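Colleague: From the sequence below, what's the structure:
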Amino acid sequence: MRTYDFSPLFRSTIGFDRLFDLAETAQRATEDNYPPYNIERLSDDRYQIALAVAGFAPDEISVTAEQNVLTIEGNKVEKADRDYLYQGISTRRFRRQFSLADHVLVKDAAFDNGLLKIELAREIPEAMKPRRIAITQPSRPQQLESAAA
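Modeller: Reported below is the predicted structural model:
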């Protein structure tokens with residue numbers, strides 16, 4: 001895997017530190033593929049994450065949103081009274097984290113046919129939305145009229 005040196009970009013950019021940190025973290029990540037998930041764009045400002053959590057009950061999963069990180073954790077309580085001949089459905093504990101952009105909020109989380117669906121929306125505050133600035137003409141100083149003598 002390649003590694004990239006972002007230090008030349010630091011000379012000409014300001015305020016992109018978080019973006020470079022995310023890129024470096026993504027390079028170093030050796031991510032576990034459990035549970036499988038989809039990320040879907042529903043519209044310009046709405047997203048959905050769907051995790052395949054077959055075998056888990058809603059009370060065995062926790063969804064936490066803190067600052068710009070969404071954390072989903074599952075902890076299945078195993079019942080010792082089962083005698084499997086073959087166990088192909090994995091119910092091991094997991095922890096999956098997603099980095100969220102600024103102003104992306106978690107709106108809802110629900111189970112649907114073995115999928116945990118988490119709805120996300122980008123809500124930009126009014127103060128941060130673009131606004132049109134009116135251009136005014138500078139007032140010219142008025143000349144005093146001199147009275148004819």
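
Colleague: Lys117 - how many residues pack around it?
Modeller: As a burial measure, Lys117 scores 16 neighbours (other C-beta atoms under 10 Å). All C-beta atoms are positioned from the backbone trio N, CA, C, and that covers glycine.

Colleague: OK, contacts around it?
Modeller: Applying C-beta atoms under 8 Å, 6 or more residues apart in numbering to Lys117 gives the contacts 48-50, 109-111.

Colleague: residues contacting Phe98?
Modeller: By C-beta under 8 Å, 6+ apart, the residues touching Phe98 are 39, 49, 69-70, 72.

Colleague: Would you agree it falls within a strand?
Modeller: Yes - assignment of Phe98 by DSSP: H, G, I helix; E, B strand; the rest coil places it within a strand.

Colleague: What is the burial count for the closest residue to Ala54 other than its chain neighbours?
Modeller: Using C-beta to C-beta, 6 or more residues apart in numbering and skipping residues adjacent in sequence, the residue nearest Ala54 is Gly114, 4.4 Å away. Per other C-beta under 10 Å, the neighbour tally for Gly114 reads 11.

Colleague: Show the pLDDT at Gly114.
Modeller: Gly114 carries a pLDDT score of 88 in this model.

Colleague: Can you tell me how far it is from Ile89?
Modeller: In this structure, Gly114 and Ile89 are 10 Å apart, going by C-beta to C-beta, to the nearest Å.

Colleague: Now for the two: what residues contact both?
Modeller: Ala54.

Colleague: for the residue sitting nearest the centre point of the chain, what are its contacts?
Modeller: For the chain, the residue nearest the mean C-alpha position is Leu100 (1.8 Å; C-alpha atoms, centre = their mean). Leu100 sits next to 65, 68-70, 120 when contact means C-beta under 8 Å, 6+ apart.

Colleague: could you redo the last one with a cut-off of 6 Å?
Modeller: Applying C-beta atoms under 6 Å, 6 or more residues apart in numbering to Leu100 gives the contacts 68, 70.
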